[in-house]
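In: 3D, please:
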Amino acid sequence: MIRRATTSDLGGWIALRQRLWNDTPPHIHRVEAEAMLTRQPETCLVLLHESETAQLRGFAEATLRGDHVNGCDTSPVAFLEGIFVDAAFRGAGIGRALIAGVRDWALAHGCTELASDAHIDNRESHAFHIASGFEETERVVFFRQRITTDPD
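Out: Take a look at the predicted model:
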């Protein structure tokens with residue numbers, strides 16, 4: 001079953017987020033998750049896949065972005081911020097069902113494009129996106145330069 005997340009889902013949803021973004025501390029996941037719930041469903045959507053026994057097996061998070069989204073021509077754009085399905089349940093259509101829910105939400109908000117991204121070396125995510133109907137639009141490498149007021 002695919003459904004919207006509620007505050008009662010925070011523990012299980014945060015545990016799944018931690019598995020996807022394991023370099024982020026749990027307390028940051030909680031802050032981000034709580035913020036998303038306050039924005040849902042106007043500019044943010046959090047969908048969960050729940051088994052018949054109330055076990056959370058996956059989630060999808062999406063937002064409406066009004067800024068420029070690489071590879072897109074319209075605004076706002078629905079953006080798939082994250083999607084995760086427990087490895088034991090992959091290949092069962094859960095990810096596609098989550099994306100279908102995000103797509104329906106995006107259409108209801110007047111969007112004509114759904115965008116997403118993945119790390120350049122995450123081939124599994126690339127394959128999932130292509131299998132789910134996304135097309136690759138571009139590859140980007142981000143750069144940074146640390147600057148200080150101290151010239152040394």
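
In: Check the gap between Val46 and Leu56 for me.
Out: 11 Å (C-beta to C-beta, to the nearest Å). From N, CA and C alone the C-beta is placed, and that goes for glycine too.

In: Sketch out the helices for the protein, chain order is fine.
Out: When assigned using DSSP state H, the helices of the chain occupy the ranges 10-20, 26-39, 94-108, 123-131.

In: Can you convert the ones you listed into a markdown table and add a column each for mean pLDDT and distance to Glu50?
Out: Below are those laid out as a markdown table (pLDDT from 0 to 100; distance: least, C-beta to C-beta, whole Å):
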| stretch | mean pLDDT | distance to Glu50 |
| --- | --- | --- |
| helix 10-20 | 96 | 9 |
| helix 26-39 | 94 | 16 |
| helix 94-108 | 96 | 10 |
| helix 123-131 | 94 | 20 |
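
In: highest average neighbour count across those?
Out: When the helices of the chain are scored by mean count of other C-beta atoms under 10 Å, the highest mean neighbour count falls to helix 94-108 (a mean of 18).

In: Quick one: list the elements packing against that helix.
Out: Contact partners of helix 94-108 among helices and strands, from 3 or more C-beta pairs under 8 Å, 6 or more residues apart in numbering; DSSP states H and E: strand 2-4, strand 44-50, strand 56-65, strand 77-85, strand 114-116.

In: what number of residues lie near the residue nearest to Glu50 when sequence neighbours are not counted?
Out: What sits nearest to Glu50 in space, not counting adjacent residues and going by C-beta to C-beta, 6 or more residues apart in numbering, is Met1, at 5.1 Å. When counting by other C-beta atoms under 10 Å, one arrives at 10 neighbours for Met1.

In: Thr148 too?
Out: 6.

In: can you check Phe142 too?
Out: Neighbour tally, Phe142, other C-beta under 10 Å: 5.

In: Many thanks, have a good one.
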